[in-house]
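Asks: Please work out how this folds:
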Amino acid sequence: MSSLLERYTKQISGILSCFDRITITGTLPGVCYGLGMATFIMSKGYRIFDYPHFVEPLRDELRANAEQLANRNNLSIEFIRSANNFRKEDRLRAILKERGEHPGLVHIFSAMETCGSFAPHYDKLTQHTELRYKEAKCLHYYFYFIDEEFGLCYLRVPTWAPFRLLFYCNGHNWLAGQLKKQGIGFTQMDNTFKRIDDWSKAQTMADAFPIPSLHRALDRFAQEYCPVLRHFSNVYHWSLYQTEYATDIVFKTQNDLGPVYENLSRTAIHTVKPDHIATFLGRKLDGRFKDEIGNQFQTRIQGTCIHHHMGPASIKLYDKFGLILRIETTVNDLTFFRNHRTVEHRDGTSEVK
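Replies: A predicted model of the protein is given here:
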């Protein structure tokens, strides 16, 4: 049986597989848990119940840094009062239309959001004082900027310890920058490509996404937008938080894709079963799996979408702009996939788990 790509090769102008949305968290290993933070502040001469007095100057330093960056770049910090009635993406789109897409700081948002924190606690039974993890709220800054290599990114910086960072970039924006450097013509629509003059070379570039370069960039961004890092004795540890990987099959005309997509969507919603979804995601379905698994057919303004999901991971099939058939794998919790790596324990030992 011929594959879809072989059957419709005359109607297809190009194919590209590329990272799309990538979010990465940054944690300070020595102080990201209660005992570590307690040990650190006591080494600085603070008692555990003085924890807020240790953090408050750091909060003020982050606020001052954000204001200095805004003034230096002729920007104003925009406070978001209600996230339900506001889309940062729409605001950014309007700013970029007027500003242009040259490198530099684009905009700064601020918002009161939930953050991880610690609270002093005295246990009467053990007569021991400790810092315990708790959910809290603090002011967060969203620094949106255009990096020369990775394009439009943002770094979310909380103003309260343990200062866990969140970074976002998009693989398609990175690839667009690489295509420009190589002089390869393309037409980009949102987070996809309608045209690339050399699809094969673009795929080779996408497959070589530069992890070491991104790591160095993350360290640089942390130093610029979260300067309280200098008060601690270590550097940020970066971990993938959420990722999307998309395969785009670009058809020459909407009339070429329409009939193909209609047949695919009807077949997928009726024939794909839970055990198929598990296989797609490299898992085997058995009675120990306790999360949700299934299919959804969604009708959106842009079109329809087939959504196969298994816990925090999913595979989507949808038509983008009626011209591009996109197969998109989204993982909202990377621990869904098992990966052996070196784990460092609090006592200084390490093991492969």
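
Asks: Where is the longest helix in the chain?
Replies: helix 51-72 (DSSP state H).

Asks: could I have that one exported to CSV, CA atoms only?
Replies: What follows is helix 51-72, C-alpha atoms only, in CSV (Å, rounded to 0.1, in the frame of the first residue of the first chain):
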residue,chain,number,x,y,z
TYR,A,51,13.3,34.4,55.7
PRO,A,52,11.0,37.2,54.4
HIS,A,53,13.6,39.8,55.5
PHE,A,54,16.2,37.9,53.3
VAL,A,55,14.0,37.9,50.2
GLU,A,56,12.5,41.4,50.3
PRO,A,57,15.7,43.2,49.2
LEU,A,58,16.1,40.7,46.3
ARG,A,59,12.5,41.4,45.3
ASP,A,60,13.2,45.1,45.3
GLU,A,61,16.4,44.5,43.2
LEU,A,62,14.4,42.7,40.6
ARG,A,63,11.8,45.5,40.4
ALA,A,64,14.5,48.1,40.0
ASN,A,65,16.2,46.0,37.3
ALA,A,66,12.9,45.8,35.4
GLU,A,67,12.4,49.5,35.6
GLN,A,68,16.0,50.2,34.5
LEU,A,69,15.6,47.9,31.5
ALA,A,70,12.3,49.6,30.6
ASN,A,71,13.8,53.1,30.8
ARG,A,72,16.9,52.1,28.8
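
Asks: By mean pLDDT, flag the weakest helix or strand of this structure.
Replies: The helix or strand of the chain with the lowest confidence, counting by mean pLDDT, DSSP states H and E, is strand 293-299 at a mean of 71.

Asks: Tell me who's in contact with T271.
Replies: Applying Cβ atoms under 8 Å, 6 or more residues apart in numbering to T271 gives no contacts. Bear in mind the C-beta positions are built from the backbone N, C-alpha and C, glycine included.

Asks: What are the phi and psi values at the nearest residue to L179 once chain neighbours are set aside?
Replies: Closest residue to L179 apart from its sequence neighbours, by Cβ to Cβ, 6 or more residues apart in numbering: F186 at 5.1 Å. The phi and psi values for F186, taken as degrees, to the nearest 10, are phi -160, psi 160.

Asks: May I have the strands that pair with the very next helix or strand once past the longest helix of the chain, each with its orientation?
Replies: With elements assigned by DSSP states H and E, the helix or strand that comes after helix 51-72 is strand 77-79. Sheet pairing of strand 77-79 (DSSP bridges) gives strand 104-123 (parallel).

Asks: quick one, the strand it pairs with and helix 51-72 angle?
Replies: 170 degrees (axes from the mean of the first three to the mean of the last three Cα atoms, to 10 degrees).

Asks: Who are the packing partners of the following helix or strand past strand 104-123?
Replies: Beyond strand 104-123 in the direction of the C-terminus, DSSP H and E gives the next helix or strand as strand 128-147. Applying 3 or more Cβ pairs under 8 Å, 6 or more residues apart in numbering; DSSP states H and E, we find strand 128-147 packed against helix 34-43, helix 51-72, helix 88-99, strand 104-123, strand 151-158, helix 211-225.

Asks: Burial-wise, tell me which of the ones you listed comes out on top.
Replies: strand 151-158 (a mean of 22; mean count of other Cβ atoms under 10 Å).

Asks: Restricting to C-alpha, output whichever helix or strand comes after that strand in CSV.
Replies: Per DSSP H and E, the first helix or strand lying C-terminal to strand 151-158 is strand 165-170. The C-alpha trace of strand 165-170 is given here as CSV (Å, rounded to 0.1, in the frame of the first residue of the first chain):
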residue,chain,number,x,y,z
LEU,A,165,12.3,31.0,35.8
LEU,A,166,10.3,30.0,32.7
PHE,A,167,11.7,30.5,29.2
TYR,A,168,9.8,30.3,25.9
CYS,A,169,11.0,30.1,22.3
ASN,A,170,9.7,28.7,19.1
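
Asks: Output the contacting helices and strands for strand 165-170.
Replies: Using 3+ Cβ pairs under 8 Å, 6+ apart, strand 165-170 sits against strand 12-27, strand 151-158, helix 211-225.

Asks: could you give the angle of the last one to helix 51-72?
Replies: Orientation check (the same axes, to 10 degrees): helix 211-225 against helix 51-72 gives 100 degrees.

Asks: what comes up buried for the helix or strand just after helix 211-225?
Replies: Going down the chain from helix 211-225, the next helix or strand is strand 237-251, by DSSP H and E. By neighbour count on 16 or more other Cβ atoms under 10 Å, the buried set for strand 237-251 is W238, Y241, Q242, T243, E244, Y245, A246, D248, I249, V250, F251.

Asks: surely H307 meets Q296?
Replies: Yes - judged on Cβ atoms under 8 Å, H307 makes contact with Q296 at a distance of 4.2 Å.

Asks: Who has more neighbours out of the two?
Replies: H307 (18 against 12; other Cβ atoms under 10 Å).

Asks: which ones are touching that one?
Replies: H307 touches N295, Q296, F297, Q298, S314, I315, K316, counting by Cβ under 8 Å, 6+ apart.
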